[in-house]
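Student: Give me coordinates for this.
(one chain, ligands or ions: 2)
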Amino acid sequence: MNKENILEVKDLHVDIHMTEGLLTAVRGVNFEMKRGETLGLVGESGCGKSLTCKAILGINDRKCVPSGQILFDSEGLGKVDLLSLDQKGKEIRSIRGKEISMIFQEPMVAFSPMYTIGNQINEATKLHITKDKQKSKEISMDVMRKVGIANVEKRYNQYPHEFSGGMLQRALIAMALVCNPKMLIADEPTTALDVTIQAQILELINEIKEKRHLSVIFITHNLGVVANMADRIAVMYAGKIVEYGKSEEIFYEPAHPYTWALLSSMPDLETSERLESIPGTPPNMIYPPKGDAFAPRNVYALDIDFELEPPLFEITPTHSAATWLLHPNAPKVEMPKVIKARIERMRKERG
Ligand SMILES: Nc1ncnc2c1ncn2[C@@H]1O[C@H](COP(=O)(O)OP(=O)(O)O)[C@@H](O)[C@H]1O
Ligand SMILES: [Mg+2]
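Tutor: Residues are numbered from 1 along each chain as shown. Ligands and ions are numbered 1, 2, ... in the order given. Sure thing, here's the model as predicted:
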């Protein structure tokens with residue numbers, strides 16, 4: 001494992017045993033993260049983003065079987081392959097919630113309606129930080145304040161239904177942060193929120209990340225959401241990473257037609273103008289298509305795309321994409337003008 005890295009995911013597969021047959025929903029995912037770095041994991045719904053992160057945390061659904069390697073530099077255990085640990089054992093439990101924590105898309109599901117918010121945040125504090133009741137409560141309240149929940153003395157004793165969506169998401173972030181994790185996985189944490197609250201939550205996560213030197217995996221189906229926060233971006237399609245690079249490389253030099261499509265379907269944050277959605281739907285991977293899974297939706301597909309899956313072609317040492325268009329013998333294809341114009345605009349806006 002590289003010394004600077006906190007996480008290395010190698011050839012991760014997730015098999016799901018369905019009654020109709022075997023669904024390989026994650027098909028050989030590779031990425032690495034440096035300490036303090038934010039990775040944006042981006043792709044349409046169903047491409048395997050959540051399964052990838054659940055495999056990291058060891059919270060796989062019953063039918064889902066991950067394989068490959070997930071190397072993590074743990075404080076308590078040193079360098080460890082998370083997949084080699086007993087998924088119900090003490091070791092993974094000492095990492096889950098304590099060293100790596102996760103914010104889910106739906107805070108309503110993450111919290112139980114039966115207990116007060118304070119009690120639920122406190123459960124994590126008591127489990128990982130201190131058994132002292134008073135101290136634990138103070139720590140929980142303090143982190144609630146830090147994520148911008150006002151009037152904590154009252155809020156602490158309220159139930160989830162008494163919180164607005166935005167406040168509940170803040171409470172969920174508090175619960176994820178209370179144990180001082182080194183790594184945070186945020187799985188579409190703002191999708192259910194309106195645009196203003198969404199911006200506030202993104203800013204909050206960004207702030208916390210800077211302050212605590214957190215490593216963050218930020219999952220979203222909207223490239224625009226990670227534009228200002230990710231150092232690196234992995235674009236996923238049908239269980240694979242199809243383009244991977246530094247944020248600037250993905251936004252300014254995108255090479256994969258799928259990334260072009262994502263860029264063009266990205267709502268403009270300022271004007272909310274939406275260019276076009278991506279025509280067609282992702283394939284059902286119980287019956288994987290021959291060749292490149294994106295080929296049927298790819299207007300730039302070559303004959304070979306329907307025969308053979310493309311390998312990842314290296315564009316720079318930090319940027320690669322899995323498309324036959326990058327083969328030296330492929331015909332030269334320019335990215336569509338609308339996207340070029342959009343990239344130019346983004347460059348100008350960002351200076
Ligand atoms: N427990 C499960 N049982 C059956 N299929 C599942 C299960 N979990 C995920 N899947 C399927 O695996 C694929 C990837 O799921 P997921 O990782 O949740 O996608 P994403 O988070 O990118 O939207 C989807 O097609 C989804 O329907
Ligand atoms: Mg998901």
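
Student: what stretches of the stretch 1-150 of the chain score poorly on pLDDT?
Tutor: By pLDDT under 70, the stretch 1-150 of the chain has no low-scoring segment.

Student: Around ligand 1, which positions in it sit nearby?
Tutor: Within the stretch 1-150 of the chain, the residues that sit near ligand 1 (Cβ under 6 Å from any ligand atom) are 16, 25, 43, 45-51, 61, 63-64. Yep, even glycine has a C-beta here, placed from its N, CA and C like the rest.

Student: how about the residues you listed in a markdown table, adding secondary structure?
Tutor: Output for those, formatted as a markdown table (DSSP: H, G, I helix; E, B strand; the rest coil):
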| residue | secondary structure |
| --- | --- |
| 16 | strand |
| 25 | strand |
| 43 | coil |
| 45 | coil |
| 46 | coil |
| 47 | coil |
| 48 | coil |
| 49 | helix |
| 50 | helix |
| 51 | helix |
| 61 | coil |
| 63 | coil |
| 64 | strand |
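
Student: Would you map the strands across the chain?
Tutor: Remark: strands assigned in the chain by DSSP state E are 5-18, 21-34, 38-42, 64-74, 78-81, 100-103, 183-187, 215-220, 232-237, 240-246, 313-316, 319-321.

Student: Show me just the buried residues among the residues of the stretch 1-150 of the chain next to ligand 1.
Tutor: Among these, the ones that count as buried by 16 or more other Cβ atoms under 10 Å are 16, 25, 43, 46, 47, 48, 49, 50, 51, 64.

Student: Is the fourth one in contact with residue 284, as I believe?
Tutor: No: counting by Cβ atoms under 8 Å, residue 46 does not reach residue 284; the two are 9.4 Å apart.

Student: do you know how far the closest residue to residue 120 other than its chain neighbours is from ligand 1?
Tutor: Closest residue to residue 120 apart from its sequence neighbours, by Cβ to Cβ, 6 or more residues apart in numbering: residue 111 at 5.8 Å. Distance, residue 111 to ligand 1, by Cβ to the nearest ligand atom, to the nearest Å: 20 Å.

Student: For residue 111, grab the count of nearby residues.
Tutor: By the criterion of other Cβ atoms under 10 Å, residue 111 has 22 neighbours.

Student: swap in the one 10 residues further on?
Tutor: Applying the criterion other Cβ under 10 Å, we find 26 residues in the vicinity of residue 121.

Student: can you tell me which residues contact it?
Tutor: Going by Cβ atoms under 8 Å, 6 or more residues apart in numbering, residue 121 touches 140, 143, 144, 171, 174, 175, 178.

Student: Mind putting those into a markdown table with neighbour count?
Tutor: Converted to a markdown table, the contacts of residue 121 look like this (neighbours: other Cβ atoms under 10 Å):
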| residue | neighbour count |
| --- | --- |
| 140 | 25 |
| 143 | 24 |
| 144 | 26 |
| 171 | 26 |
| 174 | 25 |
| 175 | 26 |
| 178 | 28 |
